[in-house]
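>>> Quick one, structure for this:
(2 chains)
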There are 2 protein chains.
Amino acid sequence: MDIEETAERIRTGDRRALARAITLAESSRADHRERAEALLAVLLPATGGSVRLGISGPPGVGKSSFIEAFGSRLIEEGHRVAVLAIDPSSRVTGGSILGDKTRMERLARSPEAFVRPSPTGGSLGGVARRTREALLLCEAAGFDVTIVETVGVGQSETAVADMVDLFLLLLPPAGGDELQGIKKGVVELADLVVVNKADGDLLASARRAAAEYQSALRMLRPTTADWQVPVLQVSAREERGLDEVWQAVGRFRAALGEAGLARKRAAQARAWMWSEIDDSLIRAFRAHPAVAARLAEAEAAVSEGRQPAATAARELLAAFLGRT
Amino acid sequence: MDIEETAERIRTGDRRALARAITLAESSRADHRERAEALLAVLLPATGGSVRLGISGPPGVGKSSFIEAFGSRLIEEGHRVAVLAIDPSSRVTGGSILGDKTRMERLARSPEAFVRPSPTGGSLGGVARRTREALLLCEAAGFDVTIVETVGVGQSETAVADMVDLFLLLLPPAGGDELQGIKKGVVELADLVVVNKADGDLLASARRAAAEYQSALRMLRPTTADWQVPVLQVSAREERGLDEVWQAVGRFRAALGEAGLARKRAAQARAWMWSEIDDSLIRAFRAHPAVAARLAEAEAAVSEGRQPAATAARELLAAFLGRT
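Purely as a prediction, here's the structure:
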């Protein structure tokens, strides 16, 4: 099928065409990549129309239940919601998030939702690129809320924060030691903190945790000027507090402003371009025969203090750039 | 003077030889760089013998007074202390830290101390490399405590944390809003938090702040396994609490263990090599005529959503690698 026809089907909301386009973007075959990029180039003017949300949180906090409840609520309000996932570990774990579609049964069944598991395999850079492209394709297909979930492996939260308008951190109704599992730096990416499971026996505990988080957040500089990161409490199970989350998303977008949002997205696109360039340069560098032949010995020499790092770097670079 | 002779002078603690070697390492002239690297290669076996401390904190917290008091105390105990600074902004500000040597008068006068202002000018990568090399040269000259101070511009705290054994964050005796100035991520680099100015009228305030920091730190995963980041209180002015800081440094090193410290330093050396490679690759990329001719337009097209980031990156890379 030709690019223009596929693009038109996606623009009119054809879910199968969208799914196939994402598969194309996820492929590592050169001809598939080329088609995916051509398609994206045609669809680019139709993108940008969604509220882009990143969601992360430690294992067991109830990310799926929250997204299921929150997404369903948004659909009741007339939105169309796409849910993507980023999980560079899925090659190893066999897909630890979204792999099991039944985890978001209600959403997956709704004609107004589109739930896509994480692309499997590859480096974080590769997975992130494919998720970004999937996000743009979903926007072209008319989804006006795109949610990118991350399971929180390696640097995946940063990758997600770099592709969304707002990064929401979901936390359990307990503070202190139970939070030791949260990775360094993740709390500081949050534009919005939401305490889940604020229900039943955990209600008091959730209230205490929210106060504790709020006080800890005062130590951190806000991600955006004129924005104090709020800490909300929800119950995904009882579907309470969800409207307040959506309102906070709206307040955050208002604080950013139209121009601020455009600047943020333009900076993200440029950073994406540079991260692609970085990744490819390092790949080309490592693959260069003269570098590949010396790299292991250079790393060992530097690790063991037999050679200064700067000298090893200079010699490898000279080999790569053909100045040997 | 030949390399071996200079190396020998440095090893025997000749301060002028050390100062000249650091000047050589700071130079951007190719022949100077080459000599500096040759010198470092000879001296490398004599390095590694110091406790490497990074110190950062917001403006006004009293970093210089703390380092002056802490360093002087260590010298009383028989240590030899080198103080380096990393400040990529010093080109602009005319040297905002250590530029004024009188700020550490006592230390600067002591024969057992060596105080070196930040190298001026250049990118953070360049300044960081020169500071790392200066640190190694100071170790070769027999300093057994090396302190790297950062003023906290850009990513300089991360650069410092990546070259030291322990990163100490100095904070003012007041919490909450007054801490909004601390950059994102800096708190999470800290292995040790020290509240300064715990004296006079501020004593109660310092105690409250320390408790607040301690509770906030529970939200963050420790930098090192089996290490709970302690929050200490000191008065640089009254020279109180300084021994406790040094004891905490010792406990941290014990928690790391010999093998852990060796692993940390080996990983830092490898990361340094890779950061040199990254920097140089990007520099070579930007300087390539075919890239330079297209880069501005590519960045604009990506920012404005006229071209997918991946496509722009691929085209620029093809130009760089000569596959056009």
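>>> And the residue of the stretch 101-250 of chain A found nearest chain B, how close does it get to residue A:146?
Chain B sits closest to residue A:216 of the stretch 101-250 of chain A, with a gap of 4.1 Å, by CB to the nearest CB. Placement of C-beta: from N, CA and C, glycine included. With distances taken as CB to CB, to the nearest Å, residue A:216 is found 29 Å from residue A:146.
>>> Please apply the same query to residue A:157.
Computed as CB to CB, the residue A:157 to residue A:146 distance reads 17 Å.
>>> Okay, helices next: where are they in the stretch 201-324 of chain A?
Secondary structure of the stretch 201-324 of chain A (DSSP state H, counting those that start in this stretch): helices at A:203-217, A:242-287, A:289-303, A:309-320.
>>> Would you convert these into a markdown table that also reports mean pLDDT?
Listed next are the helices of the stretch 201-324 of chain A as a markdown table, based on pLDDT from 0 to 100:
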| stretch | mean pLDDT |
| --- | --- |
| helix A:203-217 | 87 |
| helix A:242-287 | 95 |
| helix A:289-303 | 96 |
| helix A:309-320 | 94 |
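>>> closest one to residue B:87 among those helices?
Within those, the stretch nearest residue B:87 is helix A:309-320; the backing value is 20.1 Å (CB to CB).
>>> And the closest one, what's buried?
Across helix A:309-320, burial judged by 16 or more other CB atoms under 10 Å in any protein chain shown covers A:309-314, A:316-317, A:319-320.
>>> now, which of these lie close to chain B?
The subset of the buried residues of helix A:309-320 lying close to chain B, counting by CB under 8 Å from any CB of the partner chain, consists of A:309-314, A:316-317, A:320.
>>> Go through the residues you listed and name the one nearest residue A:228.
Closest to residue A:228, out of all of these and judged by CB to CB, is residue A:309, at 41.7 Å.
>>> list the contacts for the closest one?
A:302, B:132, B:269-270, B:272-273, B:276 (CB atoms under 8 Å, 6 or more residues apart in numbering or on different chains).
>>> For chain B, tell me whether stretch A:193-205 is touching it.
No - using CB under 8 Å from any CB, stretch A:193-205 stays clear of chain B, coming no nearer than 10.4 Å.
>>> Pull the distance from that stretch to the chain's centre.
From the chain centre to the centre of stretch A:193-205 is a distance of 25 Å (CA atoms, centre = their mean, to the nearest Å).
>>> What residues does the closest residue to chain B within the stretch 151-300 of chain A make contact with?
Nearest residue of the stretch 151-300 of chain A to chain B, counting by CB to the nearest CB: residue A:276, 3.5 Å away. When contacts are counted by CB under 8 Å, 6+ apart, residue A:276 touches A:125, A:129, B:309-310, B:313-314.
>>> let's see it at 10 Å
Going by CB atoms under 10 Å, 6 or more residues apart in numbering or on different chains, residue A:276 touches A:125-126, A:128-129, B:308-314, B:316-317.
>>> Of the residues you listed, just say which sits nearest to residue B:295.
Taking those together and measuring to residue B:295 by CB to CB, the closest member is residue B:316, at 6.8 Å.
>>> my guess is the closest one contacts residue B:291, does it?
Yes - look at residue B:316 against residue B:291 with CB atoms under 10 Å: they come within range, at 5.5 Å.
>>> what's the overlap in contacts for these two?
Contacts common to residue B:316 and residue B:291, judged by CB under 10 Å, 6+ apart, are A:277, B:285, B:298.
>>> By neighbours, which of those residues wins?
Counting neighbours by other CB atoms under 10 Å in any protein chain shown, residue A:277 comes out on top of these with 24 neighbours.
>>> what's the closest residue to that residue other than its chain neighbours in contact with, if anything?
Here the nearest residue to residue A:277 in space, its sequence neighbours aside, is residue B:313; by CB to CB, 6 or more residues apart in numbering or on different chains that works out to 4.9 Å. Neighbouring residues of residue B:313 by CB under 10 Å, 6+ apart: A:129, A:272-281, B:298, B:302, B:307.
>>> pLDDT weak spots in chain A?
Applying pLDDT under 70 to chain A flags the ranges A:1, A:88-102, A:120-121, A:152-154, A:175-185, A:219-223, A:323-324.
>>> what are the ranges of the strands in it?
Assigned by DSSP state E, chain A shows strands spanning A:51-56, A:81-86, A:113-115, A:145-150, A:166-171, A:192-195, A:231-233.
>>> Just put the ones you listed in TSV and tack on mean neighbour count.
Shown next, in TSV, are the strands of chain A (neighbours: other CB atoms under 10 Å in any protein chain shown):
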stretch	mean neighbour count
strand A:51-56	24
strand A:81-86	28
strand A:113-115	24
strand A:145-150	26
strand A:166-171	26
strand A:192-195	26
strand A:231-233	20
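>>> now these in a markdown table, with distance to residue B:165?
As requested, the strands of chain A are exported to a markdown table (distance: least, CB to CB, whole Å):
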| stretch | distance to residue B:165 |
| --- | --- |
| strand A:51-56 | 31 |
| strand A:81-86 | 34 |
| strand A:113-115 | 47 |
| strand A:145-150 | 32 |
| strand A:166-171 | 31 |
| strand A:192-195 | 33 |
| strand A:231-233 | 35 |
